[in-house]
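# sequence below, structure please.
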Amino acid sequence: MLDRVGRVVARQLRRVNPSGRLDVERLIDAGLRCRSHLDKVKAGIPIEGGWYPYDSFMNLYPLRQLLAGEHRYLLDLAGDEPVLDIGCGDGMLAFFLESLGLQVHAVDHPSTNYNAMRGVRALKAALESAVELHELDLDRRFTLPPGTYGLALFLGTLYHLKNPFYALESVARQARFCLLSTRVARVTPGKEVNYHELPMAYLLGEREANADPTNYWIFSQAGLRRILDRCGWDVLALTTTGETSASDPASQSGDERAFCLLRSRVIT
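Next up is the predicted model:
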């Protein structure tokens, strides 16, 4: 099944990009085409708890602003090494990258995954996929699958972690590059304090944001840059989306997301 999806995507890509090299626009186009195929597969599989309700492919759109120059060929950064998808949800991006010919390891944890990883396992079986699935609790001391990764996806997961420092250091030891996104904020709830330019983070109450107790640290942009630097990452590019004038850590209307392309200083 996955081979068929990959062949369809590859044929469509060759029409618009005969060289086969994917710049950011072609990557987005390929992702949307693959999404339609994966949605058809999902429609025929009932999942206890339901499928992950958010569109993972929406993470591709900010890449238009984030990636420039040689970095617009994002997947070139992976080289011949595997890609690591941290917090994979139902695995939509992992299976998409596999359809493009990459080796992918996908990481999540049943206790915090939307459907206890039933979705990603069902898709893996239906697609006859070779994506490696790993259960890891990122809120405890953990060990990533062994080896070096050319590229890690760390999308929408960092602010759900109790110890983002440990996680970022762990990924920097094994991934040469990282595409990361997380929620950031400029002012505290109620707008009492503007901390946009201060290297700080706001610690959410248990159900302060989206009634979700797994939300923890909402960094300012300066705070995000500081922790990335201290964990061994160089920020090659950073852009933000959403409420970019008066974002706050908790409200839906004040949601701002930072997207970063990072290079590890730890791996030589």
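
# export the helix or strand hosting residue 180 as PDB, just CAs?
Here residue 180 sits within strand 175-184, counting by DSSP states H and E. What follows is strand 175-184, C-alpha atoms only, in PDB (Å, rounded to 0.1, in the frame of the first residue of the first chain):
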ATOM      1  CA  ALA A 175      20.500  14.600  15.000                       C
ATOM      2  CA  ARG A 176      22.600  16.800  12.800                       C
ATOM      3  CA  PHE A 177      19.700  19.100  11.900                       C
ATOM      4  CA  CYS A 178      16.300  19.600  13.500                       C
ATOM      5  CA  LEU A 179      13.000  21.200  12.300                       C
ATOM      6  CA  LEU A 180      11.300  22.400  15.500                       C
ATOM      7  CA  SER A 181       8.100  24.100  16.300                       C
ATOM      8  CA  THR A 182       6.600  25.200  19.700                       C
ATOM      9  CA  ARG A 183       4.200  27.700  21.100                       C
ATOM     10  CA  VAL A 184       5.800  31.000  22.200                       C
END
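
# just to check, residue 30 is in contact with residue 100?
Yes - taking contacts as C-beta atoms under 8 Å, residue 30 lies within contact range of residue 100: 6.9 Å. Quick note: C-beta positions are derived from backbone N, CA and C, even for glycine.

# now do the contacts for the nearest residue to residue 56 once chain neighbours are set aside.
Nearest residue to residue 56, sequence neighbours excluded (C-beta to C-beta, 6 or more residues apart in numbering): residue 92, at 4.2 Å. For residue 92, the contact set (C-beta atoms under 8 Å, 6 or more residues apart in numbering) comprises 35, 38, 56, 57, 123.

# per-residue confidence for the third one?
Residue 56 is assigned 97 on the pLDDT scale.

# quick one, strands of the chain?
Using DSSP state E, the strands of the chain run over residues 83-86, 104-108, 132-135, 149-155, 175-184, 201-203, 217-219, 233-242, 256-264.
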